[in-house]
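S.K.: model the structure of this input:
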Amino acid sequence: MFSPRKRLKFSDLDARQILSLAIASEEEDAQIYRHYADSLRADFPASAQVFDGMAQEEDDHRRRLIDVYTERFGPNIVPIRRDHVAGFPTRHPTWLVENLGLERMREEAAMMEKGAANFYTKAAQRTSDAGIRKLLGDLAAEEMGHATKAERLQETHLDDTAKDQEEVTAQRQFILTWVQPGLAGLMDGSVSTLAPIFAAAFATQDTWITFQVGLAASVGAGISMGFTEAASDDGQLSGRGSPVKRGFASGIMTTVGGMGHALPYLIPDFWTATVIAILVVFIELWAIVWIQNRFMQTPFFRATFQVVLGGALVFAAGALIGGG
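M.R.: As a prediction, this is how the structure comes out:
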């Protein structure tokens, strides 16, 4: 076995180790493509078929490598992987890539194919065995052509109708997973913290105390909204996506919404800080109106009435309570 702490240099690998490394790499790449395909199958069936086809290509490479290996060195393959070789590019975690969406998966696949082509090109240069060198050179050429192969697979499985459907699905998923909970958090953070922040401001006229109240209200509301969003719906039946993603979107935007008009109170002068905070509130509320109109198709005047009027009433309540 190889210790990750004592990695081999690529220049020190012999033909047997190079073939073993290539076999392990092809197996890993095929598993990654199948994982992408499985994660996309429900919402993006055409793209899932593309990744299935790419996985089959990697399986074919693995079989050809094993055939040459067993012919030269017997049935026992050396247990060597990417992380055993210094400087050998590793793959990004599949959970990270798939959480970033379909386009990120495609980008990762393109980088994987390019990296594999570079590996086979360098590996072919290091062996004097004609048969092994020919195989590695052929695989390098095939990996370089996989971008074209992926394009052909997309043309086969992704016609214009399928592309349009997947674009609509992707847009809907983006809105349900990120925009909707983020907007709810921004609204809650921007509006619900108005009363405690401005009540503290007018009651104490102390900018530092007001900032502390705003910080506590914003962070507390963010934590509460994040956990509430994540716990309220696991996304399986509603199709709203990962509860963790929605929880982060809601919690972070709630905190941002509250901190927007709390930060001005880091300014020592009370009235300067208050005027700036009110301007920030104005910007926040109109930003919410724009997001509702742009992504949620809420009529502009209705969104304005709901958000701006509601925010104004909460602000007035805080100012009256603090001033009284």
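S.K.: give me the number of residues near residue 271?
M.R.: Using other C-beta atoms under 10 Å, residue 271 has 10 neighbouring residues. Using the backbone N, CA and C atoms, a C-beta is placed for each residue, glycine as well.
S.K.: typo on my end, residue 310
M.R.: Other residues within reach of residue 310 by the criterion other C-beta under 10 Å amount to 14.
S.K.: just the pLDDT at it, thanks.
M.R.: For residue 310, the model assigns a pLDDT of 81.
S.K.: and if you look at residue 81?
M.R.: Confidence per residue is given as pLDDT, and for residue 81 that number is 86.
S.K.: any low-confidence regions in the stretch 201-324 of the chain?
M.R.: Within the stretch 201-324 of the chain, the set of residues satisfying pLDDT under 70 comprises 235-239, 324.
S.K.: and the strand or helix carrying residue 132, how far out from the chain's middle?
M.R.: For residue 132, the host element (DSSP states H and E) is helix 130-144. For helix 130-144, the gap between its own C-alpha mean and the chain's C-alpha mean amounts to 34 Å (C-alpha atoms, centre = their mean, to the nearest Å).
S.K.: check stretch 269-283 too.
M.R.: On the basis of C-alpha atoms, centre = their mean, stretch 269-283 is displaced by 35 Å from the centre of the chain it belongs to.
S.K.: please apply the same query to stretch 28-45.
M.R.: Distance of stretch 28-45 from its chain centroid, counting by C-alpha atoms, centre = their mean, is 16 Å.
S.K.: same deal with stretch 307-315?
M.R.: Taking C-alpha atoms, centre = their mean, the mean C-alpha location of stretch 307-315 is offset from the chain mean by 34 Å.
S.K.: stretch 291-309 now?
M.R.: Chain-centre distance of stretch 291-309: 28 Å, with C-alpha atoms, centre = their mean.
S.K.: quick one: the helices in this structure, in order.
M.R.: Assignment of helices within the chain using DSSP state H yields the ranges 15-40, 45-73, 94-99, 102-126, 130-144, 146-157, 160-174, 180-192, 194-204, 207-232, 243-260, 270-295, 300-304, 310-323.
S.K.: which strands or helices does the longest one pack on?
M.R.: Helix 45-73 sits against helix 15-40, helix 102-126, helix 130-144, helix 146-157, helix 160-174, with contacts defined as 3 or more C-beta pairs under 8 Å, 6 or more residues apart in numbering; DSSP states H and E.
S.K.: list the buried ones in the longest one?
M.R.: Put plainly, it is helix 15-40. 15-30, 32-37, 39-40 (16 or more other C-beta atoms under 10 Å).
S.K.: what do you get for the second one?
M.R.: By 16+ other C-beta under 10 Å, the buried positions in helix 102-126 come out as 102, 105-106, 108-109, 112-113, 115-117, 119-121, 123-124.
S.K.: okay, the closest residue to residue 27 other than its chain neighbours: pLDDT?
M.R.: Nearest residue to residue 27 in three dimensions, chain neighbours excluded: residue 62, at 5.8 Å (C-beta to C-beta, 6 or more residues apart in numbering). pLDDT recorded at residue 62 is 94.
S.K.: burial count for residue 62?
M.R.: For residue 62, the count of nearby residues is 19 (other C-beta under 10 Å).
S.K.: what's near enough to touch it?
M.R.: For residue 62, the contacting residues are 23, 26-27, 30, taking C-beta atoms under 8 Å, 6 or more residues apart in numbering as the criterion.
S.K.: one more pass at 10 Å, please.
M.R.: Taking C-beta atoms under 10 Å, 6 or more residues apart in numbering, we find residue 62 in contact with 22-30.
S.K.: mind putting the helices and strands packed on helix 45-73 in JSON lines, distance to residue 193 and mean pLDDT included?
M.R.: Formatted as JSON lines, the entries for the helices and strands packed on helix 45-73 read as follows, by distance: least, C-beta to C-beta, whole Å; pLDDT from 0 to 100:
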{"stretch": "helix 15-40", "distance to residue 193": "37", "mean pLDDT": "91"}
{"stretch": "helix 102-126", "distance to residue 193": "34", "mean pLDDT": "84"}
{"stretch": "helix 130-144", "distance to residue 193": "54", "mean pLDDT": "89"}
{"stretch": "helix 146-157", "distance to residue 193": "47", "mean pLDDT": "55"}
{"stretch": "helix 160-174", "distance to residue 193": "27", "mean pLDDT": "65"}
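S.K.: what distance do you get for residue 66 to residue 244?
M.R.: Counting by C-beta to C-beta, to the nearest Å, the gap between residue 66 and residue 244 amounts to 39 Å.
S.K.: cool, residue 11 as well?
M.R.: Residue 11 sits at a distance of 43 Å from residue 244 (criterion: C-beta to C-beta).
S.K.: neighbour count winner among those two?
M.R.: residue 244 (13 against 9).
S.K.: excluding chain neighbours, what is closest to that one?
M.R.: Nearest in space to residue 244, with sequence neighbours left out and distances taken as C-beta to C-beta, 6+ apart, is residue 230 at 6.2 Å.
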